[in-house]
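1. Pasting the sequence and the predicted model now:
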Amino acid sequence: MAWKMNRASDGNFSIIFFAEKSKSKANSTESGKWWADNNKIYMKTAGVPTLDVYAYSFINQTSVRFVNVQKDPSAACQADYEFTDSKVFKKSQAFGPSGAH
């Protein structure tokens, strides 16, 4: 499974799930609210009664490691899991031609 996450600065998030790594065909979407407190990120998905909670730590300036510490008991995946999010820069945010800032 692969996904594309957008966490906006206004506290909204959207996520698109894909069945394959190439991300060529979406198979589901979710949206809701998110916030961070005390090195944890909280996600309240619309229509889901409980929060997903992840402990997080910064790997570098563009990557964050997440470890699931609380999940919705009705979620399809009940296994403990962790993942790394990496910031994807839009062309307007890209660094100069040499990659240096």
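-> Right, received. Where do you want to start? Numbers count the residues shown, from 1 in each chain.
2. Mind naming the longest strand for this protein?
-> When the chain is parsed with DSSP state E, its longest strand is strand 26-37.
3. Sort out which residues of it are buried, please.
-> Glu30, Gly32, Trp34 (16 or more other Cβ atoms under 10 Å). No exception for glycine: its C-beta is placed from N, CA and C like everyone else's.
4. okay, the residues you listed in TSV with distance to Asn12 and pLDDT next?
-> As requested, those are exported to TSV (distance: Cβ to Cβ, whole Å; pLDDT from 0 to 100):
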residue	distance to Asn12	pLDDT
Glu30	12	92
Gly32	7	97
Trp34	8	96
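5. residue ranges of the strands in this structure, please?
-> With DSSP E as the criterion, the chain has strands spanning 2-7, 12-18, 26-37, 40-45, 52-58, 63-70, 82-86.
6. Which positions within the fifth one qualify as buried?
-> Judged by neighbour count (16+ other Cβ under 10 Å), strand 52-58 contains these buried residues: Asp52, Tyr54.
7. List the contacts of the longest strand of the chain.
-> If you take Cβ atoms under 8 Å, 6 or more residues apart in numbering as the criterion, strand 26-37 is touched by 7, 11-19, 41-46, 48, 56.
8. First-to-last residue distance for stretch 68-86?
-> Criterion Cα to Cα, to the nearest Å; first-to-last residue distance in stretch 68-86 is 17 Å.
9. looking only at pLDDT, what's the mean for it?
-> The predicted model gives stretch 68-86 an average pLDDT of 76.
10. so where's this protein shaky on pLDDT?
-> 72, 74-79, 90-101 (pLDDT under 70).
11. go again using 50 as the cut-off
-> 93-101 (pLDDT under 50).
12. contacting residues for the residue lying closest to Tyr54 once chain neighbours are set aside?
-> Excluding the flanking residues, the one nearest Tyr54 by Cβ to Cβ, 6 or more residues apart in numbering is Phe66, at 4.2 Å. By Cβ under 8 Å, 6+ apart, Phe66 lies in contact with Ile41, Tyr54, Ala55, Tyr56, Glu82, Phe83, Thr84, Asp85.
13. Looking at strand pairing, list the partners for Phe66.
-> Tyr56, Phe83 (DSSP bridges).
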